[in-house]
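> Starting from these lines, generate the structure:
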Amino acid sequence: MRFSQWAKDPRQTHRWKKVRKQMLIANPRCELCGSRCATEVHHRKSAILHRDIAFDMENNLKSVCHWCHRIADSKPDHHISWRPRPDSSPPRG
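Residues are numbered from 1 along each chain as shown. Just a heads-up that it's a prediction; the model follows:
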């Protein structure tokens, strides 16, 4: 594991602060509703229970607004329709 073994919650580490900031910069729009600015980062799988993927930006983290984060925390992930992330590759011409 790459975070402190003493941390009970990976979200209390300096690494989490960096990853969270990178996520919000890379995906500034809510990945659930798409209409609001993302202000929070949601773990699709619990950071405490799945420490091995706690910082996995591709497969476990989503940038969301405050309201959608409340929804995402209350429902299992398979009941949520996530918007696809914008493709960062240049358009083909």
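
> The lengthiest helix in the chain - contacts with which helices or strands?
Longest helix in the chain by number of residues, with DSSP state H as the criterion: helix 14-26. The helices and strands touching helix 14-26, judged by 3 or more C-beta pairs under 8 Å, 6 or more residues apart in numbering; DSSP states H and E, are strand 40-43, strand 61-64. Placement of C-beta: from N, CA and C, glycine included.

> among these, which is nearest Cys33?
strand 61-64 (8.2 Å; C-beta to C-beta).

> So what touches that closest one?
19, 23-24, 26-32, 38-44, 55, 72, 82 (C-beta atoms under 8 Å, 6 or more residues apart in numbering).

> try 7 Å
Contacting residues not belonging to strand 61-64 are listed as 23-24, 27, 30-32, 38, 40-44, 72, 82 [C-beta atoms under 7 Å, 6 or more residues apart in numbering].

> quick one on the thing from earlier: quick one: the longest helix of the chain to chain centroid distance?
Centroid separation between helix 14-26 and its chain, computed with C-alpha atoms, centre = their mean, to the nearest Å, is 9 Å.

> Now do the buried residues in that helix.
Residues of helix 14-26 classed as buried: 16, 19-20, 23-24 (neighbour count, 16 or more other C-beta atoms under 10 Å).

> Could you dump these into a markdown table with distance to Pro10 added?
Formatted as a markdown table, the buried residues of helix 14-26 follow (distance: C-beta to C-beta, whole Å):
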| residue | distance to Pro10 |
| --- | --- |
| Trp16 | 6 |
| Val19 | 9 |
| Arg20 | 11 |
| Met23 | 14 |
| Leu24 | 17 |
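
> Please identify which pair of these lies farthest apart.
Trp16 and Leu24 (12.4 Å).

> What is the least confident helix or strand in the protein?
helix 66-74 (a mean of 93; mean pLDDT, DSSP states H and E).

> if we look at that helix, which residues are touching it?
Under C-beta under 7 Å, 6+ apart, the answer for helix 66-74 is 30, 32-33, 39-40, 42, 64, 80.
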